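> pasting the sequence and the predicted coordinates here, then a few questions.
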Amino acid sequence: MKEQHVYLKICATTGRKTRSRIVVLTCLLFCFVLCGSCDEDNQPSAPITGTGNVYYVSPAGSDLNSGQQESPWLTIQHAADAVQPGDTVYIRAGAYTEDVMFTVSGAQDERITFRAAPNEDVTSRSLQITAGISSLNISNLTVQGFSVWGIDLYGNNHDIALSNLRVIGGEAGVHFTRGESGAAPEDGPVSMITLENSLIQGAAYTAVDCTPGPCDTMTFRQLEIMYAGLSGEDFYGADGLAVERGQDILVEDCYIHDNGGDGIDLNSRDFSGNVSGIVVRRNRVVRNHLNGIKLWGGGRIENNILWGQGNTPVVIGAYPGSYEVVNNTIAYNMWDASYSERNYAFAAAYPEDGSSARIDLTLRNNIFAFNCQEDMGGPTGLYLGPGVNLVSEGYNLFWSRADEEILAESAPGEHEFPRTAITDGTWAAATGQGQGNITADPLFVAGWPEVDLRLQANSPAVDHGDATGAPHDDLIGDPRPQGAAWDIGAYER
């Protein structure tokens, strides 16, 4: 799974940026530790066993065997039925045309583990984690050939770790909870779930989907999610990652691109808002055909790059809550005429049904530039709805729409603020905000269509950011300097 090594890509980027062999070696060492002594296929170099028995499954085995290495079972399903807490099952190379049902739980200190044998390729048709099953690890498998859901957690599941997977096709690659959208889950919520170091590709609808939820204490890390809804017609609901309801959700270090819907869509059915623990950081969100990142009920967006979206790249605040948008680079969205339409570069608390949600917004150290080209009807700026309370706004770079960089319906008097209003103090006088804002070409390394949003050495964004409330590292994990000015945007030069 070379294409999934997000951190190896980060190391390569770091090396180009710093031209430092020491930095690259340090970064690679970090990758090595993170992966647990991985080989190039991101698999452990030696078996990792639990506290119980170790079993094997092989296409050459029999379910009448003992399951020992020299006498393996034939089917994954037989192993799933036979294991007890603490057991580990190694699956030997082969294509298993099974819809595996996991019906035995591990325990807190005796997790059950299913994984491919080291350096062997294993494919299963689908993995069904039935209601109430918990304390389970599944790793290093390919899931392919299913028609609906590749990996399905029914509900009332917790303490599940899914890692180093390839999930290809179907209606949804990974699905959490069962039931109708907006309704109570049929089998209960899920919680304490980790999905990481995996590829989810080619779903007909949403690739990673929590409907109806709730999905609480979720970690989505180092995922590549792509081509949802693009196998045929572009389906409106074909998001990369969507959670209808849940709290304490972390999405980090992911590459979510080329999906027919939104890239990341969180809390769309948490109607009361004020959702806690939502963090979206250090992601690359690229060429999704609708919105890039959408937070409905609160949360923090930091150190992300968003380019190539077909519609407003960041949409927040449909429901009440506290929102922080810090050190992001949002540029070159709504440029591809084959799927784009003209809209705002950023939208907060856009009125729904004639009313705007009351939200608290922090907006600092972001770059908004070149959003929507002339062929799409001209560039567009930011929209702040009448319900927006600007807690803190400053040290942002604006370079999208000269005649209306900001439309702030929450501001007293005139709502439209051209570029000159940001530089001459009009915006600051109207809002009491705007310290450190600049209006200038950010001087990216490359514009459309190559799009490299790192900063050139002479960029006005270099050393012009502010440390207040900002993350101490950047998109690729480089530390921001101590005792020196920080850069605006997701990259620290």
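The structure has been received and is ready for your questions. Source: prediction; values computed, not measured.
> distance between the ends of stretch 166-175?
End-to-end span of stretch 166-175 (CA to CA, to the nearest Å): 14 Å.
> contact partners of that stretch?
1, 4, 141-153, 162, 195, 198-211, 225 (CB atoms under 8 Å, 6 or more residues apart in numbering). For glycine as for every other residue, the C-beta is placed from the backbone atoms N, C-alpha and C.
> now the buried members of those.
For the contacts of stretch 166-175, a burial check counting by 16 or more other CB atoms under 10 Å picks out 1, 4, 141-146, 149-153, 162, 195, 198-211, 225.
> which of those residues fall within helices?
Within those, no residue falls in helices by DSSP state H.
> where do the helices sit along the stretch 1-150 of the chain?
Ranges of helices in the stretch 1-150 of the chain, per DSSP state H, counting those that start in this stretch, are 6-18, 21-34, 76-82.
> sorry, that was for the stretch 351-493 of the chain
Going by DSSP H, counting those that start in this stretch, the stretch 351-493 of the chain shows helices at 419-423, 426-431.
> so what touches the last one?
Outside of helix 426-431, the residues within contact range by CB under 8 Å, 6+ apart are 390, 393, 406, 408, 411-414, 417, 420-421, 433-435, 437.
> what comes up buried for that helix?
Applying 16+ other CB under 10 Å to helix 426-431 flags 426-428, 430-431 as buried.
> can you list these in a markdown table and add pLDDT?
Shown next, in a markdown table, are the buried residues of helix 426-431 (pLDDT from 0 to 100):
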| residue | pLDDT |
| --- | --- |
| 426 | 97 |
| 427 | 97 |
| 428 | 96 |
| 430 | 95 |
| 431 | 96 |
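> now, among these, which is nearest to residue 124?
residue 431 (55.7 Å; CB to CB).
> contacting residues for residue 389?
Residue 389 neighbours (CB under 8 Å, 6+ apart): 358-361, 410.
> just flag the most distant two among those.
Longest span within the contacts of residue 389, CB to CB: 360 and 410, 11.4 Å.
> quick check: the residue nearest to residue 377 when sequence neighbours are not counted vs residue 400, distance?
In space, not counting the residues next to it along the chain, residue 377 is nearest to residue 342; the distance is 4.0 Å by CB to CB, 6 or more residues apart in numbering. To residue 400, residue 342 is 12 Å away according to CB to CB, to the nearest Å.
> what do those two both touch?
Common neighbours of residue 342 and residue 400 (CB under 8 Å, 6+ apart) are 372, 380.
> more crowded one of the two?
Neighbour tally, residue 342 and residue 400, criterion other CB atoms under 10 Å: the higher count belongs to residue 400, 27 against 16.
> from residue 419, how far out is the more buried one?
From residue 400 to residue 419 the distance is 9 Å (CB to CB).
> repeat for residue 296
For residue 296, the distance to residue 419 equals 30 Å [CB to CB].
> ok, residue 426 next?
Residue 426 sits 11 Å away from residue 419, going by CB to CB.
> residue 111 against residue 50, yeah?
Yes. In this structure, residue 111 is within contact of residue 50 by CB atoms under 8 Å, at 6.1 Å.
> joint contacts of those two?
Shared contacts of residue 111 and residue 50, counting by CB under 8 Å, 6+ apart, come down to residue 86.
> between the two, which one's more packed in?
residue 111 (22 against 19).
> quick one: neighbours of residue 57, just the number.
For residue 57, using other CB under 10 Å, the count is 28.
> stretch 403-410: how far from the chain's middle?
29 Å (CA atoms, centre = their mean, to the nearest Å).
> any stretches of the chain with poor pLDDT?
The model of the chain has pLDDT under 70 over residues 1-49, 231-236.
> ok, which stretches of the stretch 351-493 of the chain are strands?
359-364, 367-369, 382-384, 388-394, 397-399, 406-408, 416-417, 444-446, 452-455 (DSSP state E, counting those that start in this stretch).
> the second one: how far from the chain's middle?
Translated: strand 367-369. The chain centroid and the centroid of strand 367-369 are separated by 21 Å, computed with CA atoms, centre = their mean.
> now do it: which elements does it pack against?
Judged by 3 or more CB pairs under 8 Å, 6 or more residues apart in numbering; DSSP states H and E, strand 367-369 is in contact with strand 329-331, strand 397-399.
> which of those sits most buried?
Neighbour counts (mean count of other CB atoms under 10 Å) averaged over each of the helices and strands packed on strand 367-369 peak at strand 329-331, with a mean of 28.
> check which element follows that strand along the chain.
strand 346-348 (DSSP states H and E).
> what strands line up against that next one, and which way round?
Using DSSP bridges, strand 346-348 pairs in its sheet with strand 314-316 (parallel), strand 382-384 (parallel).
> domain assignment for the protein?
1-42, 332-493 (automatic domain parsing).
> which of residue 296 and residue 419 has more neighbours?
residue 296 (25 against 20).
> now residue 126. Nearest residue, chain neighbours left out?
Per CB to CB, 6+ apart, closest to residue 126 is residue 146, 4.1 Å.
> quickly list what residue 107 is bridged to.
residue 110.
> dump the residue contacts of residue 368.
330-331, 345-346, 381-382, 396-400, 405.
> circling back: TSV for the strands paired with strand 346-348, including distance to residue 471 and mean neighbour count?
Below are the strands paired with strand 346-348 laid out as TSV (distance: least, CB to CB, whole Å; neighbours: other CB atoms under 10 Å):
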stretch	distance to residue 471	mean neighbour count
strand 314-316	17	27
strand 382-384	21	26
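> nearest to residue 464, of these?
Nearest of the strands paired with strand 346-348 to residue 464, taken as CB to CB: strand 382-384 at 18.6 Å.
> from the chain's centre, how far out does that closest one sit?
On CA atoms, centre = their mean, the centre of strand 382-384 falls 23 Å from the chain's centre.
> how about stretch 432-441?
29 Å.
> list the buried residues in that stretch.
433-434, 436-439.
> what's the answer for stretch 103-113, then?
Quick answer for stretch 103-113 (16+ other CB under 10 Å): 104-106, 111-113.
> ok, back up a step: and the contacts of helix 426-431, which of them are buried?
Using 16+ other CB under 10 Å, the buried ones in these are 390, 393, 406, 408, 411, 417, 421, 433-434, 437.
> which one of the buried residues of stretch 103-113 is nearest to residue 324?
residue 111 (34.6 Å).
> who does the closest residue to residue 332 other than its chain neighbours bridge with?
Of all residues not flanking residue 332 in the chain, residue 307 sits nearest, at 4.4 Å (CB to CB, 6+ apart). Counting by DSSP bridges, residue 307 is bridged to residue 286.
> if I look at residue 307, how far off is residue 300?
On the measure of CB to CB, residue 307 and residue 300 end up 20 Å apart.
> okay, those two: which has more neighbours?
residue 307 (26 against 18).
> hang on, the earlier thing: tell me the phi and psi of the residue nearest to residue 126?
Per-residue torsions, residue 146: phi -80, psi 160 (degrees, to the nearest 10).
> tell me the contacts of it?
99, 125-126, 169-170.
> with respect to residue 93, which of those residues is nearest?
After measuring the contacts of residue 146 against residue 93 - CB to CB - the closest member comes out as residue 125, at 16.0 Å.
> grab the nearest non-local neighbour of that closest one.
Per CB to CB, 6+ apart, closest to residue 125 is residue 145, 4.6 Å.
> for residue 95, see how far away the one you found is.
8 Å.
> overlap in contacts of these two?
residue 123.
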